[in-house]
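Chemist: here are the coordinates; sequence isn't available:
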DNA sequence: ACTTTATTCAACTAAATGGTTGACTTACGA
DNA sequence: TCGTAAGTCAACCATTTAGTTGAATAAAGT
């Protein structure tokens, strides 16, 4: 596929795989153990594990004919970093918007009473972004 | 498809969609604005937006013939909650394991010197999990 | 009313995904 | 060395996905 972040998100988009991760957070397991609760073939589980493995979410070692699966919890940070970044950016934006609205309110005091409703929809006056995108 | 968590992860598994989200964290945008930087048809972008929308990551309002897209940052929490939960669980496990190893070390002091390497692989003695899964 | 702008719908295609079954490999244990 | 247990590989199938093009809709602008 492509970059790791894409692979990790894709891997966790499947409920069975998420459940496997959940169970692996409790203890390392073998393929058979992991397969047990699900109503699919062992091969299907093996495939799921391959997906998890090459997303970097799990690793496998070898113990005789067993291949214990181990959760690589550090990969989670990759996601949380991405998520937190944009979440914060969005939040900051709202704070800025609130600040602007307040400033306008304070500045123009009793001019135009109901403009805030329209602005709350968003989109209208985000000119700085619009220009820069067009230019690029 | 299915549950929201699956949809959100699936939505973010695509780099183009992630980029859209990144840009939407800066400002709400119209479909045309969003489409501009990418080398695909407007219709393709429209589809991506549909995916983002029914994952709950974005919402759309209406402004004349435009349909401004707005990032719903609250959905991020759904993911971070899931992630943090299992990340913590995994971390706690390691702490517990470390504690056990230390306890054994303290208890048996100078008995069996190299067992720690084998235990570090994991899998061997996770009996509690094994039993409970089998039972269920 | 006629045209343009912004966006979606519909039909199609190629590739990826999640599942299946059957054959194979690897290593242990008798 | 023969059998069995634990997994994987390979070929196949159905469904979903990301993209395409062409036609349709909706609201302005002229």
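Modeler: Perfect, thanks for sending it. This one's a predicted model, so the numbers in the text were calculated from it and none came from an experiment.
Chemist: please report phi then psi for residue A:70.
Modeler: Torsion angles at residue A:70 (phi, psi; degrees, to the nearest 10) stand at phi -130, psi 130.
Chemist: residue A:38 touches residue A:49, doesn't it?
Modeler: No. If you go by Cβ atoms under 8 Å, residue A:38 and residue A:49 don't touch, sitting 11.9 Å apart. Quick note: C-beta positions are derived from backbone N, CA and C, even for glycine.
Chemist: which one's more surrounded, these two?
Modeler: When neighbours are counted by other Cβ atoms under 10 Å in any protein chain shown, residue A:38 and residue A:49 differ, and residue A:49 comes out ahead with 21 against 14.
Chemist: anything in the helix or strand encompassing that one near DNA strand C?
Modeler: For residue A:49, the host element (DSSP states H and E) is helix A:42-54. Yes. Using Cβ under 7 Å from any atom of the strand, helix A:42-54 reaches DNA strand C at A:43-44, A:47-48, A:51.
Chemist: correct me, but residue A:4 touches residue A:72?
Modeler: No. Counting by Cβ under 8 Å, residue A:4 stays clear of residue A:72, with 11.4 Å between them.
Chemist: does stretch A:35-49 come close to chain B?
Modeler: Yes. Applying Cβ under 8 Å from any Cβ of the partner chain, one finds stretch A:35-49 in contact with chain B at A:36-37.
Chemist: that stretch and DNA strand D, any residue contact?
Modeler: Yes. Using Cβ under 7 Å from any atom of the strand, stretch A:35-49 reaches DNA strand D at A:42-43, A:46, A:49.
Chemist: the residues of helix A:42-54 next to DNA strand C into JSON lines, with extra columns for neighbour count and distance to residue A:64?
Modeler: Putting the residues of helix A:42-54 next to DNA strand C into JSON lines (neighbours: other Cβ atoms under 10 Å in any protein chain shown; distance: Cβ to Cβ, whole Å) gives the following:
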{"residue": "A:43", "neighbour count": "10", "distance to residue A:64": "21"}
{"residue": "A:44", "neighbour count": "13", "distance to residue A:64": "24"}
{"residue": "A:47", "neighbour count": "12", "distance to residue A:64": "23"}
{"residue": "A:48", "neighbour count": "21", "distance to residue A:64": "23"}
{"residue": "A:51", "neighbour count": "18", "distance to residue A:64": "25"}
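Chemist: what would the residues you listed look like in CSV with pLDDT?
Modeler: Formatted as CSV, these follow (pLDDT from 0 to 100):
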residue, pLDDT
A:43, 97
A:44, 98
A:47, 98
A:48, 98
A:51, 98
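Chemist: now, which of those sits nearest chain B?
Modeler: Taking Cβ to the nearest Cβ as the measure, chain B lies nearest residue A:51 of these, at 11.4 Å.
Chemist: just give the nearest non-adjacent residue to that closest one, would you?
Modeler: residue A:11 (5.2 Å; Cβ to Cβ, 6 or more residues apart in numbering or on different chains).
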